[in-house]
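after the sequence you'll find the predicted model.
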Amino acid sequence: MSSQHLTLHFANSAEEAPRIARRIEYYLHDRQIPDTVINKLLLCVDELITNIIAHAYNDDQEHAVLLECRVFDRKIELELRDDGVGFDPTKQTRPNTKLGVDDRDIGGLGIHLVMTLMDSVEYIREGDFNVLKITKYLD
């Protein structure tokens, strides 16, 4: 199984999200990944990076976040690593999307989106680091 990968380091700053998304988009286009797959991955990356920036840190310090994107013959893996507060998105209660917007609790839709669009979402805590790996299989 051959692999190609992209490694990006960025600060926990809102200005970073669009830059990271563009880098991933160019990288995947160069590898001739279908636009439908790229769009799903970009939605998930935007949601995950935004969550890290908004919720992972209890201080105003700059923290480094690592994103690795690996393209294999039949799948794409994205791994995000941050040193923020431990948070396992796979253990969160899924929102009841059958309820109207006014009847639902606020939050949780972004994680629901990631869990729905990706074929696999895995979380582990490695020492002081959150490690989240999302996988999308190619047809």
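On my side now, so go ahead.

what are the buried residues along the helix or strand where Lys40 lies?
Secondary-structure assignment from DSSP states H and E places Lys40 in helix 35-55. Neighbour counts over helix 35-55 (16 or more other CB atoms under 10 Å) mark 37-38, 40-42, 44-49, 51-53 as buried. No exception for glycine: its C-beta is placed from N, CA and C like everyone else's.

next: stretch 10-27.
Judged by neighbour count (16+ other CB under 10 Å), stretch 10-27 contains these buried residues: Phe10, Asn12, Glu16, Ala17, Ile20, Ala21, Ile24, Glu25, Tyr27.

which among the residues you listed gets closest to Thr135?
For the buried residues of stretch 10-27, the minimum distance to Thr135 (CB to CB) is 14.6 Å, reached by Ile24.

what packs against the helix holding Lys40?
If you count contacts as 3 or more CB pairs under 8 Å, 6 or more residues apart in numbering; DSSP states H and E, helix 35-55 packs onto helix 16-30, strand 64-72, strand 75-82, helix 109-117, strand 129-137.

now do the helix or strand harbouring Phe10, average pLDDT.
Using DSSP H and E, Phe10 falls within strand 3-11. For strand 3-11, mean pLDDT rounds to 89.

check stretch 88-104 too.
Averaged over stretch 88-104, pLDDT sits at 66.

so where's the protein uncertain?
Residues of the chain meeting the criterion pLDDT under 70: 1-3, 93-109.

picking up where we left off before, using CSV, write out every CA atom in the strand holding Phe10.
The C-alpha coordinates for strand 3-11 follow below in CSV (Å, rounded to 0.1, in the frame of the first residue of the first chain):
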residue,chain,number,x,y,z
SER,A,3,1.5,6.4,0.8
GLN,A,4,2.2,10.1,0.2
HIS,A,5,1.8,12.6,3.0
LEU,A,6,1.7,16.3,3.9
THR,A,7,2.6,17.6,7.3
LEU,A,8,1.5,21.0,8.5
HIS,A,9,2.3,22.8,11.8
PHE,A,10,0.2,25.8,12.7
ALA,A,11,-0.7,28.0,15.7
